[in-house]
Structures are given as structure tokens and as C-alpha cells.
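Engineer: A predicted structure for the sequence below; I have some questions about it.
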Amino acid sequence: MRGRHLRASEALAARLLEELGYRVLGVHVPVTVNGVEVSDIDIVAERGGERYAVEVKAGAIDVSGLRQAYVNAVLTGMKPLVVARGYSGDEARALASRLGVEVILLPDVVAAGADEVREITREAVADALAEVIGRLVDCPSLGEEDWRLLEAIASEGGLPGAAERLGLSLEEAARRVASLRRSGVLRWTGRGLVLEARILLLCRRLEACSLGAPSR
């Protein structure tokens, strides 16, 4: 497999896919637009001559995760596939059907042991704490256009939705994100970009509160 170390939930998904006849080709595979990395795919798998961009969720898949899976598939010319433990609600289930995103529900086909569940939970909590604490102590100074871009990424759940909200092409939005990465403001990719945008916005609000000024 190509890519970085698999998390427990991704290892479980990869094993399930192989049991279902898929061949896992890579993990954490970058998605690029005009040479700029805009996202990443958790798992790239193949079956019956078709390649799949697989989004893996340790818990339930929500609307944002479905949109990301669909966009990743469109940008790479693959089919969208999600491996998750359920839907977050009826809206997510309806969107999956509308977009043609296949969803494999883990509870229907595999039972994780108690140790595996604890490992997945530990990973999620440890990763979230490290990400939040690391960025909350490093609040950047940005112009209003950059803050608007971060707000759009945070609220729309990714770069494609942010570009649409701001009336930008995906390429222009990607160039602006790349510029923020070059300056060291943004460091994460894929779904980490959304989390990072939300943390930076929280950092801005906390900083404004500490200075006694209203945040926008």
C-alpha cells in the first residue's frame, strides 16, 4: 500500500474491503488540482476494473463527509465509496442516494471487538486534542479576505463548498489555500483543512476576547 500509517478505523475498513473482493491500492492518496493538493483520499481500492475513492469514518457518515467523498471521486475520475458505522441522519442517507455514493455499513458486516473500539476511540480523542491544542496557541495575523476564506471552508466543510460560497473557481480557491500553506498559516490537508480552519477561527475569537475587542 502507498501512503501513511493506517489508523485503526482505516485498517478495519481496508480489511473489510479486501474481504468483499476489493484490492487496496493506496492509503491517504493526495487529490490535486493544477498541481495544488486540495484533499486526500483515505483509501483507493479497485474491484472489477473500477477504482474507488473510499472515505472512511470511524462513526457515522454525515453530509459533509458524503460531499467530500463525492468531490474526491469526481476530481480523480473514480467512483465514490464510504465505509462507516451508519448515517448521521435521514439527510445524509438521502444525499448518498442522490449523489450515487455507495455506503458500506460496518455494523452490518463486521463486529469490532472491545479492544478495537477502545483503540479507535483513543486515536480519535488523542488526535483531536493534539490538533486543537497545537493550533490554539498559534493564532496567525491575516487579512479579511483570508479570514473569509477560512470561514467559508469551516462552514461549508471543505474547499469545493467554500469556492462556491465565495464565487471563486476551485482553482482560485486552491491557489489561495496554497499561498496560506506557503506562508505557514495552513499545515494540514484533506479533512484536516476543515478542522484547521475551524480551530484558527476559534483562536481568533479567543484572542479578540482576551484583548477586549469584539470578534467578527
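Structural biologist: Everything's here; your move.

Engineer: can you give me the helices for the chain?
Structural biologist: Counting by DSSP state H, the chain has helices at residues 8-19, 63-76, 90-99, 106-109, 114-136, 144-156, 159-166, 170-182, 191-210.

Engineer: which of the ones you listed has the lowest average pLDDT?
Structural biologist: Among the helices of the chain, helix 106-109 carries the lowest mean pLDDT, a mean of 55.

Engineer: And the residue nearest the centre of this structure?
Structural biologist: residue 191 (2.2 Å; C-alpha atoms, centre = their mean).

Engineer: isn't it right next to residue 68, touching?
Structural biologist: Yes - Residue 191 lies in contact with residue 68 (C-beta atoms under 8 Å); the separation is 6.6 Å. For every residue, glycine as well, the C-beta is placed using N, CA and C.

Engineer: Need the residues touching each of these two.
Structural biologist: 39, 158 (C-beta atoms under 8 Å, 6 or more residues apart in numbering).

Engineer: what does stretch 65-74 contact?
Structural biologist: 31, 39-41, 52-55, 57, 78-82, 84, 92, 95-96, 99, 101, 157-158, 160-161, 191.

Engineer: For that stretch, buried residues please.
Structural biologist: Residues 65-73 are the ones in stretch 65-74 that count as buried (16 or more other C-beta atoms under 10 Å).

Engineer: Pull the contacting residues for residue 35.
Structural biologist: Contacts of residue 35 (C-beta under 8 Å, 6+ apart): none.

Engineer: Got the phi and psi for it?
Structural biologist: Backbone geometry at residue 35, expressed as degrees, to the nearest 10, gives phi 80, psi 0.

Engineer: can you tell me how far it sits from residue 71?
Structural biologist: Between residue 35 and residue 71 the computed distance is 18 Å (C-beta to C-beta, to the nearest Å).

Engineer: Also residue 204?
Structural biologist: Taken as C-beta to C-beta, the span from residue 204 to residue 71 is 27 Å.

Engineer: Over to residue 81?
Structural biologist: Distance from residue 81 to residue 71, by C-beta to C-beta: 14 Å.

Engineer: next one: residue 11
Structural biologist: 25 Å.

Engineer: Residue 77 now?
Structural biologist: 12 Å.

Engineer: Give me the nearest residue to residue 43, chain neighbours excluded.
Structural biologist: Spatial nearest neighbour of residue 43, chain neighbours left out: residue 54 (4.0 Å); criterion: C-beta to C-beta, 6 or more residues apart in numbering.

Engineer: which ones are touching that neighbour?
Structural biologist: Contacts of residue 54 (C-beta under 8 Å, 6+ apart): 13, 17, 41-45, 69, 81-83.

Engineer: out of those residues, which are inside strands?
Structural biologist: 41-45, 81-83 (DSSP state E).

Engineer: Which one of the residues you listed is nearest to residue 171?
Structural biologist: residue 41 (19.5 Å; C-beta to C-beta).
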